[in-house]
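J.: sequence first, then the predicted structure:
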Amino acid sequence: MPDINTSEAAFEPRIIGFCCKFCAYAAADLAGSMRISYPASVKIIQVPCTGRIDMIHILKPIEDGADGVMIAGCLEGECHFLQGNLKARSRVEAVRRILAQIGMEPDRVAMFNLSSAMGPKFAEITAQMTDRIRQLGPSPVGEAGKKSRNAA
Amino acid sequence: MIIASKKPIEEIIQEITPYSRILILGCNECVTVCEAGGKKEVEVLASALRIFCLSKDIEKTIGEHTLERQCDHEYLEEIRNIVDDYDAIVSLACGVGVQFAAEKYLTMPLIPGVNTVCLGANEDRGLWTERCQACGSCVLARTGGICPVSRCAKRVLNGPCGGSTNGKCEISKDTDCAWQLIIDRLKALDKMEEYETVAPVKDWSTDRAGGPRTVTREDVKI
């Protein structure tokens, strides 16, 4: 019987989603109010602005075994703090470059932009991120990744 | 301040291969300001190295510590109690800090985590540019406060040369001609007569030509 954590079909990614209070977090709320379901794989952390997120905040979950990290901020040009989401995007790009340098898939980290009125879009991006991570497979850092490596 | 840039992580990974307990040592001074080797960069590099090791099943201990300065004995003493827990130090200080740490901890391998680039200024967010080459005998008083030694590719002292076009240097269209900047500034200061004065031959013995340099101050010695 295949190990539940290493079986591709059963692989349920663990994704950390940093969501801006003013847009993505509110959009997640709206998705809930609209009875739109979104993948349980995304664990949401509310932030006052995506500009609050530093590179280390993205790297730490990966170090702790998360399969992916998504950052969801306001639409470009609509940040409550003017440029927070633009700063977040450049930090996301920097982390993606680091991942490439250490031999990990940069796509495990992604930035999304949406407004608080986009409940369905929130469900869409979380599903998109979950699919992407499912295709990439478990992080080589996490337990599931280690087991699949040892099995190979 | 001293400007440094981060080394590629691949290079650091290569250098730390023989060691299993590594201390990433940051510096709170210049390299913090130029965002190459402060506490934040220590955290990021340490985390990236841990992710690398975990993902490749490599057993390594990566520690983190940031000193107020790595170019001062008293601050380097701070790690004396923890240094024996490690096999090597990756120092994110400038070349001065790396060497000073190496001198202090004689048997500890020191690996530089940054490339020391120049003495410069923070011209814009994310942009640091050279302003001084520490030539040891400053000429700024008669060049309108703009340094021909560090900012002119040829270091000419009675410029500009024939390669100056539309205020730019022949080495790159993005590089200002230092002598154009000097002339513009002397005009603004209404001191163009200083431009007409031929600069004497510079004493380059105070530059690197004289070998490693020292400054001794008897009045501040203990």
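T.: That came through, no problem.
J.: low-confidence ranges, the chain, go.
T.: Reading this off chain A. Within chain A, the segments meeting pLDDT under 70 span A:1-9, A:144-152.
J.: can you give me the helices in the chain?
T.: Since no chain was named, I'll use chain A. All helices of chain A, identified by DSSP state H, fall at A:24-33, A:55-63, A:84-101, A:119-136, A:143-151.
J.: I was after chain B.
T.: Counting by DSSP H, the helices of chain B are B:9-16, B:30-33, B:39-55, B:73-76, B:95-104, B:148-151, B:178-188, B:192-196.
J.: so which of those gets nearest A:S37?
T.: helix B:39-55 (31.7 Å; CB to CB). (C-beta placed from N, C-alpha, C; glycine too.)
J.: could you confirm whether that closest one reaches chain A?
T.: Yes. Helix B:39-55 reaches chain A (CB under 8 Å from any CB of the partner chain) through B:K40, B:E43, B:V44, B:S47, B:A48, B:L49, B:R50, B:I51, B:F52, B:L54, B:S55.
J.: and for the third one, the neighbour number?
T.: Counted with other CB atoms under 10 Å in any protein chain shown, the burial measure for B:V44 works out to 21 neighbours.
J.: pretty sure it sits against A:I98.
T.: Yes. B:V44 is within contact range of A:I98, at 7.3 Å (criterion: CB atoms under 8 Å).
J.: measure B:E15 to chain A for me?
T.: 14 Å (CB to the nearest CB, to the nearest Å).
J.: report the contact partners of A:L86.
T.: A:E76, A:C79 (CB atoms under 8 Å, 6 or more residues apart in numbering or on different chains).
J.: cool, and B:Y19?
T.: B:K60, B:Y86, B:D87, B:A88, B:P109.
J.: same question, B:T116
T.: Counting by CB under 8 Å, 6+ apart, B:T116 has contacts B:I2, B:I3, B:A4, B:C94, B:G95, B:V96.
J.: how about the residues of chain B near chain A?
T.: B:8-10, B:13, B:40, B:43-44, B:47-52, B:54-57.
J.: just the buried members of those?
T.: B:I9, B:I13, B:E43, B:V44, B:S47, B:A48, B:L49, B:R50, B:I51, B:F52, B:L54, B:S55 (16 or more other CB atoms under 10 Å in any protein chain shown).
J.: give me the number of residues near B:K6?
T.: 19.
J.: hang on, the earlier thing: need the residues touching each of B:V44 and A:I98.
T.: A:M55, A:L59.
J.: show the buried residues in the contacts of B:T116.
T.: B:I2, B:I3, B:A4, B:C94, B:V96.
J.: isn't the second one up against B:L127?
T.: Read that as B:I3. No. Under the criterion of CB under 8 Å, B:I3 is not in contact with B:L127, lying 10.4 Å apart.
J.: could you measure from B:A101 over to B:G37?
T.: Distance, B:A101 to B:G37, by CB to CB, to the nearest Å: 12 Å.
J.: quick one: buried residues of the longest strand along chain B?
T.: Using DSSP state E, we find that the single longest strand of chain B is strand B:114-124. Neighbour-count burial for strand B:114-124, counted by 16+ other CB under 10 Å, picks out B:V114, B:T116, B:C118, B:L119, B:G120.
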